[in-house]
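**Q** have a look at this prediction, sequence included:
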Amino acid sequence: MRREVDVRELQRLYGAEDMVRADCGGCAGCHSCCQGMGDSIGLDPWDVWNLCRGTGRSLEELINGGYAELGLDDGLVLPHLRMRRRQDGQEACGFLSEEGRCLVHPFRPGICRLFPLGRYYENGDFRYYLQMNQCPKPVKAKVRVRKWLEIEELERYEQFVRDWHSLLTRCRQGAGRCGEEARKKASLLLLRIFYLASYETEADFYGQFEARKQSAGSVLAGLFVE
C-alpha cells in the first residue's frame, strides 16, 4: 500500500549503511504498530515465500486461516495481512499473540521490518526515510539500516524490491491506459504467477522470482498493447 509522505520526512534519506534513529529497544511490550492497520500491510512475493517458509503453510492456507486476505491495492488485487478482533476488543494482526508479541517475528513481512522507516521511490530506485509520529516511543536509539532490517543478502533483496515495484508500476500504468478488463487480467496474472503458484521454500527465492518475472513479462507486453 502506498502512503502519502510528509515532505519533512524526505529531508533526510538513508541507504543501507546509514545510521538512523529508529531502534525502539525491542518495543518493550508495545505493539501499537500491529493494531488498527486495516489492509495496509501489503505482502509482496518475498513476504509470502518467507511466511510460508516460516509457518509451513501455503498462501491459501494463510488466507483460509484468517491470517491474510486479498484486497484492492491501487487498482490491483493483492494479498495483505488480515486484522482480527482481540479479546481486548482491538483490531490487530492475526500473528500478534495475546501477550502482544509477534508470533512470526523471524519471518515478518518487509513493511513490518521497515517500521518506522518507509521507502521513497524515485527514478527506478529507492531510499529509506524515517516516518514522523508513527511510532509512539518518544526516544529511539540509532541503528544501522542494514541491521534494523535483519534481511540476509540485503543487496539481492533490495534489487527484488526495485524489480517488483517497477513491475507493479508498469501494471498500474498499463491498466490505466487500457481499461478495466486489462486491470482484471493484470491482477489475475500477478496473483497466479507470483502468489498462488507455490514457491520452493527451501530453494533460493530470488532465482524463482526472476524466472516468474521473465514468464510474466511477455504476457504483460501483449496485454497492454494499445
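**A** Perfect, thanks for sending it.
**Q** quick one: buried residues of the lowest-mean-pLDDT helix or strand in the chain?
**A** None of the helices or strands of the chain scores lower by mean pLDDT, DSSP states H and E than helix 180-191, at a mean of 84. For helix 180-191, a neighbour-count test (16 or more other CB atoms under 10 Å) marks Ala182, Arg183, Lys185, Ala186, Ser187, Leu189, Leu190, Leu191 as buried. Every residue, glycine included, has its C-beta placed from N, CA and C.
**Q** show me how far the helix or strand that comes right after it is from its chain's centre.
**A** The helix or strand immediately downstream of helix 180-191 is helix 205-223, counting by DSSP states H and E. Taking CA atoms, centre = their mean, to the nearest Å, the mean C-alpha location of helix 205-223 is offset from the chain mean by 19 Å.
**Q** for helix 205-223, packing partners?
**A** Using 3 or more CB pairs under 8 Å, 6 or more residues apart in numbering; DSSP states H and E, the elements in contact with helix 205-223 are helix 45-55, helix 154-178, helix 180-191.
**Q** as a markdown table, these with distance to Cys93 would be great.
**A** Output for the helices and strands packed on helix 205-223, formatted as a markdown table (distance: least, CB to CB, whole Å):
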| stretch | distance to Cys93 |
| --- | --- |
| helix 45-55 | 12 |
| helix 154-178 | 22 |
| helix 180-191 | 22 |
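**Q** what's the neighbour count on the closest residue to Arg156 other than its chain neighbours?
**A** Nearest non-adjacent residue to Arg156, counting by CB to CB, 6 or more residues apart in numbering: Tyr206, 5.1 Å away. Look at Tyr206: counted by other CB atoms under 10 Å, it has 15 neighbours.
**Q** ok, the one 5 residues further on next?
**A** Using other CB under 10 Å, Ala211 has 11 other residues around it.
**Q** any idea how far Leu190 is from Leu168?
**A** From Leu168 over to Leu190 the distance is 8 Å, taken as CB to CB, to the nearest Å.
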